[in-house]
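Enquirer: sequence-free structure coming up:
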């Protein structure tokens, strides 16, 4: 099942560069794993914001939550999830 | 997977009683089928409104849309769907 | 450039079946052309609603408006457009 | 009487792990008591968020407030309560 | 248990005076019954609007819905219900 | 004239217990004075929140502001005021 | 006591010119009376809208509602009322 | 002084083609006059909507309202006006 | 040209009394100057809030911004500006 | 392609003057570069706010994000981007 996932990153601007850099590296590594596993199918940046929209595929909302909360930035993210259904034109 | 489904019924107040009654009977019959099939697990009324909140269980958002759009009142309903994950305390 | 396009279809429930059917056929045909041309890359249904989310690719907002307003259902659609940027992880 | 209770946990990400762990354990213990007493009938996680939706049963809003404010995380929670009525189909 | 009930009356301005008058009389008669039964404890008008705020007392949300839906104007009303708890200072 | 007054208490959870206790005692004492003076006619708790709804009676908005800003918690409160008119049914 | 009153006029565009003109004349005549009586102290137009903002002075919300509902356009108006207090700098 | 003016056109989809065409021609003619007079400096289309954003220059909000209400489509437009100030970088 | 200006004062409750007092004195002095210059025509307090609504008169939005940003409290204020047009009834 | 870009500057009022001044100088210098490159076509101040509205021209949302995130104030800005299409009247 697919989900559109909007994530605003609220990491404070005062965060030390080293900490920020460590988190971003971890974020990227985890995202790569999710891509390899077929869970993260697309990722866009919201222009002008420290925010992304991701297209996820997973079994259900429980697995989705496990995936999202495994991201190193999760404690600072404000995430909203929208379930999407397959359109008849694409079936 | 479970979903909380909020449905506002916008059938106009001017709808002839006969038509309204026919739709409500069909609605109830279809709801009973969804209950029997295990898709509709709970149904609440929003107090003061011609609206309900339902707890649905189905494979994914695509099946959920098929179920909801099979309801006779569907063309007049304003529906919002919220996916819910199993809480670790209940696993 | 890619856009996420949310379209709520406000065609009144009272629309005669013949008119509705004619519009839906036209809508599908036009969507197929947009798919063939590479403009419509994905289309999802919003569960529980007569609404879709589409992923479009086109030169700019002007071309996007021309594509969207060429859909037979356009006069009844409430559309919002969100521009999305390529994420560095996908570059 | 039943209530749907949405709770966003605003505990700051900087909270020391020990404090966070102590609060979570207390939260779970209190939730288990509420379950045993028949007050907490279901608990869902909102996917992607540090938030839950609970289905509570209690005598009235006054008892509900007493239950919710007895949770160790209460001072950091942003809670909204929605009263729900029994639907005729379930009477 | 007490509820604050906000009701916007959406009866169209074009409604014939006779129908409007009949509905208002029925509304008043039913409200008087609810007052006599102790269910309607206060009723305010929202200044500038065809709207009211009522303080209701009833067993639970199910009884409240039964009371509200017994009002002759119910089909044209947009109602929102807010449960209120007894404040410790008034216990 | 009557007003419905909604007050969200934003006192930070980290406030030392002694300070919090001192403020609450002062709040209660001032509220008792307002009750004795006939200005505070009812007070409800919003279930699940550190918030109240009060029914105030005073000469006008200027007196109301003086009363509300005399509460010890005022600097931490997010207050919204709604003027209510006497309903013809209660005149 | 003073109130800021925002009024959106929802008279349908299809209203016959004669009816519209009769209503506008009545509206102006009633507004002139309210001005003469000292109840309507200022009236602004919201640029680009069939809407006004008025500064009213009256005894309380009950009198204000009586004044507003005496306007011939009242049945088509969407009105919101905001009570304002005298600022210490102007006392 | 400059204003950003957002205008949603709510002309019903059922409007006869002839009437719609007459209105659009009149709209264009009046817009051309406003351009020639230096009042309408830019006009954008909101992609996917029957809506525009215009950059107007005029003496004040009163003149702006006169200009906007002179547009033939005005009775069907939902307009919001935002005043903008000259930025120091452009002075 | 006239503007209605809503200003929420977000100065933190923890601000030392001396600093707060100095700012308030400066605020009052500057407001008096704006009154004397004819720019600040009325000032109301929003009841229950550390907020005001002001009626300003100035040449345009650029001058208005200069006036508002000259207020000592400006860095802590959340201000929204609404342009208002002269109503034909007052011309 | 053109975009309207609204930017609220959330730099805390407590920021030391030196830091603030350094950031503003950098902001201005970068804005001048964007003007020279033809990317920043207009810039307005939102009256009463530490906020701007900019009219940008760039290839697509990806380039726009690169430009915006190159501004020294970017970490403290809350930015929303709106794509605008060329209006037929200006083609």
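Expert: Thanks, I have the structure now. Every value quoted in this text rests on a predicted model; they were computed, and no experiment measured them. Residues are numbered from 1 along each chain as shown, chains lettered A, B, ... in the order given.

Enquirer: helices or strands next to the strand ranked longest in chain A in the packing?
Expert: For chain A, the longest strand by residue count, based on DSSP state E, is strand A:77-86. Contact here means 3 or more CB pairs under 8 Å, 6 or more residues apart in numbering or on different chains; DSSP states H and E; on that basis strand A:77-86 packs against strand A:2-9, helix A:61-69, helix B:61-68, strand B:77-86, strand C:40-45. For every residue, glycine as well, the C-beta is placed using N, CA and C.

Enquirer: Redo the ones you listed as TSV? Include mean neighbour count.
Expert: Shown next, in TSV, are the helices and strands packed on strand A:77-86 (neighbours: other CB atoms under 10 Å in any protein chain shown):
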stretch	mean neighbour count
strand A:2-9	20
helix A:61-69	21
helix B:61-68	22
strand B:77-86	20
strand C:40-45	20
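
Enquirer: out of those, which comes closest to residue B:49?
Expert: strand B:77-86 (11.2 Å; CB to CB).

Enquirer: Can you name the residue of chain A nearest chain F?
Expert: residue A:12 (16.9 Å; CB to the nearest CB).

Enquirer: Give the helix, strand or coil label for the residue nearest the centre of chain A.
Expert: In chain A, the centroid-proximal residue (CA atoms, centre = their mean) is residue A:54; its distance is 5.5 Å. With DSSP: H, G, I helix; E, B strand; the rest coil as the basis, residue A:54 sits in strand.

Enquirer: Any figure for the gap between the one residue in chain A that gets nearest to chain H and residue J:83?
Expert: Across chain A, the shortest distance to chain H (CB to the nearest CB) belongs to residue A:47, at 14.6 Å. Using CB to CB, to the nearest Å, residue A:47 is found at 9 Å from residue J:83.

Enquirer: shared neighbours of these two, anything?
Expert: C:83, J:3, J:61 (CB atoms under 8 Å, 6 or more residues apart in numbering or on different chains).

Enquirer: Tell me who's in contact with the closest residue to chain E within chain A.
Expert: Going by CB to the nearest CB, chain E is nearest to residue A:80 of chain A, at 23.4 Å. Going by CB under 8 Å, 6+ apart, residue A:80 touches A:5, A:6, D:48, D:49.

Enquirer: Got the confidence number for the second one?
Expert: Put plainly, it is residue A:6. pLDDT for residue A:6: 98.

Enquirer: I'd like the distance between it and residue A:85.
Expert: For residue A:6, the distance to residue A:85 equals 18 Å [CB to CB].

Enquirer: Could you do the third one as well?
Expert: From residue D:48 over to residue A:85 the distance is 19 Å, taken as CB to CB.

Enquirer: again with the first one
Expert: When CB to CB is the yardstick, residue A:5 and residue A:85 sit 16 Å from each other.

Enquirer: list the contacts for residue A:54?
Expert: Contacts of residue A:54 (CB under 8 Å, 6+ apart): A:4, A:5, A:7, A:40, A:42, A:43, A:44.

Enquirer: same question for the lengthiest helix in chain A, mean pLDDT?
Expert: Secondary structure of chain A read by DSSP state H shows that its longest helix is helix A:17-36. The average pLDDT for helix A:17-36 rounds to 97.

Enquirer: swap in stretch A:68-76?
Expert: The average pLDDT within stretch A:68-76 is 98.

Enquirer: So which bits of that stretch are buried?
Expert: A:68, A:69, A:71, A:73, A:74, A:75, A:76 (16 or more other CB atoms under 10 Å in any protein chain shown).

Enquirer: So the third one, which state does it fall into?
Expert: By that I understand residue A:71. Once three-state DSSP is applied, residue A:71 turns out coil.

Enquirer: Could you check how far it is from chain D?
Expert: Relative to chain D, residue A:71 is positioned 10 Å away (CB to the nearest CB, to the nearest Å).

Enquirer: Many thanks, we can stop here.
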